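Enquirer: let me see the structure of the following:
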Amino acid sequence: MVGQRFLEALADRGLTATHRVVVLCEEPRPAYDRVQLTSYFSGRTPEDLSLTDRGFIEAHGIELHVGDPAESVDRDARTVTARSGLVVGYDVLVLATGSYPFVPPVPGKDAEGCFVYRTIEDLLAIEEYATSRATTGAVVGGGLLGLEAAGALKGLGLTSHIVEFAPRLMPVQVDEGGGAALLRTIEEMGLSVHTGVGTQEILTDASGAVTGMKLSDGSELATDLVVFSAGVRPRDQLARASGLTVGERGGIAVDEQCRTVCDPHVFAIGECALAADGRVYGLVAPGYEQAETAAAAIAADEGEQKSFTGADLSTKLKLLGVDVASFGDAHGTAEDCLDVVYSDSRSGLYKKLVIGRDGTLLGGILIGDADAYGTLRALTGSVPPVSPESLVLPAGAGGGAQLGPSALPDDAVICSCHNVTKGTIRGAVTEHHCTTVPEVKKCTKAGTGCGSCVKVLGQLVTAELEASGVEVDKGLCGCFAQTREELYEIVLALRVNTYQDLLDRYGRDGARAATAATSASPRSVRSSPPSPP
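Expert: Modelled structure (predicted):
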């Protein structure tokens, strides 16, 4: 993903028209959206996940070699040799080799039925094994990718287990309260979670296929398939072999322009790079920022002097259908800070804001309802215009003032992946006459990275159109004319218990008619109403 963003940054600066650009890619396909990898199991194809197309490659004269990774770098001769034997000379070399999955060194880790969860090819292999030879699956690791992998196994019809060495799920992103809320919700979905235990051995049968796991507490877990999702490591082997400086714990050492510290002709970006602040960044937004920084340095554009000195580690994902988000100082490490917490174990809701003594919003954690994530993240570092308590209360609970993105200043960053501000989004509507979210995405690139800002993007577009006198349909979706908040109040006050009842009583006429026709038709394939949004 970061390599593709770098190519786009080169093209934006006209460098693809003046330079020969060669890409050596190990995987058998061009760049694709690894953030949305799990959506493959929801029906999206590898083509749907693609981040580029042959038209872009050909239009910019880029030489793309898929399935042919770089094998060695000769920095004295300034050449790169690929696996196929192809030798490419360079003036500038950019390493965007990413990371590789960490597999704990336990006996049996290479047994038949053991997989990692990193590429489309990994998913294809897991799918084939799960549908032909497995009934139970276990994921080693309860972090972001581990929960996605567990959801994928469940979706494939396997009885699924999650094994996490830490005492809670997602230990990096959420605190104890958030982990407890997430645990309850996931267990209610039918997944078994084992926290505070490690994997000691993968058990196999006489043929070498997986039959179970031995855990650190002495227990054994029967399983036919194991997915390792215990973190990643910078893929810096190529740099090490060529004599480039790497960090003590891995990562190619670079300066603030993403240039390697010992060779001005070599850059490193993304998960393989050890940034000048001593960190390796594993999120897409910092990687995109590094890609832009490196492209600006290579273009030597004095009017666009960029430096990568650190990045926002905020993240928002839907894991197993559950919204999970963290932003800013989520764990409250700042001195003398305060917590404002709302927790509802019945609904699986957990919201925590970290507030400074002066009222500054420092960070937070949202589990189960992350609708306010985009607004709260943009407000981080400032004093919100409403009380912190009103920011964590759900709609209809306590009557707190709900703060929308319209309260944000124009310089607030809405899309951190592409550094798009609220003012830029407003300009897309007022100056470039964009009237829909897809049009604004195309105009500004907002919402085309991780996608966590799309909800706020839609709210801003709606607000700007209304301010211009355009009538906007505020309905939640094509089935309902009411907003999400209005439907919440209806369900709560009138005790509506099923989606069908809600649709029958409050759905749009067209949606009710379509559902009735579907239910009445004896030849219809679908026998139930559409899933709620």
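
Enquirer: could you use CA atoms for every contact and neighbour count after this?
Expert: OK.

Enquirer: what number of residues lie near Thr211?
Expert: By the measure other CA atoms under 10 Å, the count of residues near Thr211 is 20.

Enquirer: surely it touches Asp224?
Expert: Yes: counting by CA atoms under 8 Å, Thr211 sits close enough to Asp224 to count as a contact (5.1 Å).

Enquirer: does Leu93 have beta-bridge partners, and which?
Expert: Per DSSP bridges, the residues bridged to Leu93 are Val266.

Enquirer: how near is it to Ala253?
Expert: Per CA to CA, to the nearest Å, Leu93 is found 15 Å from Ala253.

Enquirer: do Leu376 as well
Expert: 33 Å.

Enquirer: higher neighbour count, the two?
Expert: The neighbour count for Leu376 versus Ala253, taken as other CA under 10 Å, is higher for Ala253 (28 against 25).

Enquirer: can you tell me the helix or strand for that one?
Expert: strand 252-253 (DSSP states H and E).

Enquirer: now do that strand, average pLDDT.
Expert: Throughout strand 252-253, pLDDT has a mean value of 98.

Enquirer: that one - contacts with which helices or strands?
Expert: Contact here means 3 or more CA pairs under 8 Å, 6 or more residues apart in numbering; DSSP states H and E; on that basis strand 252-253 packs against strand 273-274.

Enquirer: let's see it at 10 Å
Expert: helix 237-241, strand 266-268, strand 273-274 (3 or more CA pairs under 10 Å, 6 or more residues apart in numbering; DSSP states H and E).

Enquirer: for the stretch 151-300 of the chain, which segments count as helices?
Expert: 176-188, 237-241, 284-299 (DSSP state H, counting those that start in this stretch).

Enquirer: ok so, going back, include distance to Ser192 and mean pLDDT when you put the helices and strands packed on strand 252-253 into CSV, please.
Expert: Listed next are these as CSV, based on distance: least, CA to CA, whole Å; pLDDT from 0 to 100:
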stretch, distance to Ser192, mean pLDDT
helix 237-241, 37, 97
strand 266-268, 40, 98
strand 273-274, 36, 98
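
Enquirer: of all these, which lies closest to Arg75?
Expert: strand 266-268 (8.7 Å; CA to CA).

Enquirer: returning to what we had before: and of the helices of the stretch 151-300 of the chain, who's closest to Tyr342?
Expert: helix 176-188 (10.0 Å).

Enquirer: so what touches the closest one?
Expert: 147, 151, 161, 167-171, 173-174, 191-195, 319-326, 331, 341, 343-352, 365-368 (CA atoms under 10 Å, 6 or more residues apart in numbering).

Enquirer: check the offset of that helix from the chain's centre.
Expert: 20 Å (CA atoms, centre = their mean, to the nearest Å).

Enquirer: next: stretch 182-195.
Expert: That offset, for stretch 182-195, works out to 21 Å (CA atoms, centre = their mean).

Enquirer: now do that stretch, average pLDDT.
Expert: 92.

Enquirer: can you tell me which of the contacts of helix 176-188 are buried?
Expert: 147, 151, 161, 168-171, 173-174, 191-195, 319-320, 322-326, 331, 341, 343, 348-352, 365-368 (16 or more other CA atoms under 10 Å).

Enquirer: which ones among these are found in strands?
Expert: 161, 192-195, 319, 322-326, 341, 343, 349-352, 365-367 (DSSP state E).

Enquirer: looks to me like Tyr488 is in a strand.
Expert: No: judged by DSSP: H, G, I helix; E, B strand; the rest coil, Tyr488 forms no part of a strand; its state is helix.

Enquirer: what separation is there between it and Thr375?
Expert: Tyr488 is 20 Å from Thr375, by CA to CA.

Enquirer: between those two, which one's more packed in?
Expert: For the pair Tyr488 and Thr375, the greater number of neighbours falls to Thr375 (21 against 15), based on other CA under 10 Å.

Enquirer: so the more buried one, which of the three states?
Expert: Applying three-state DSSP: Thr375 is helix.

Enquirer: these two touch, right, it and Gly364?
Expert: No: assessed by CA atoms under 10 Å, Thr375 is found out of contact with Gly364, at 11.8 Å.
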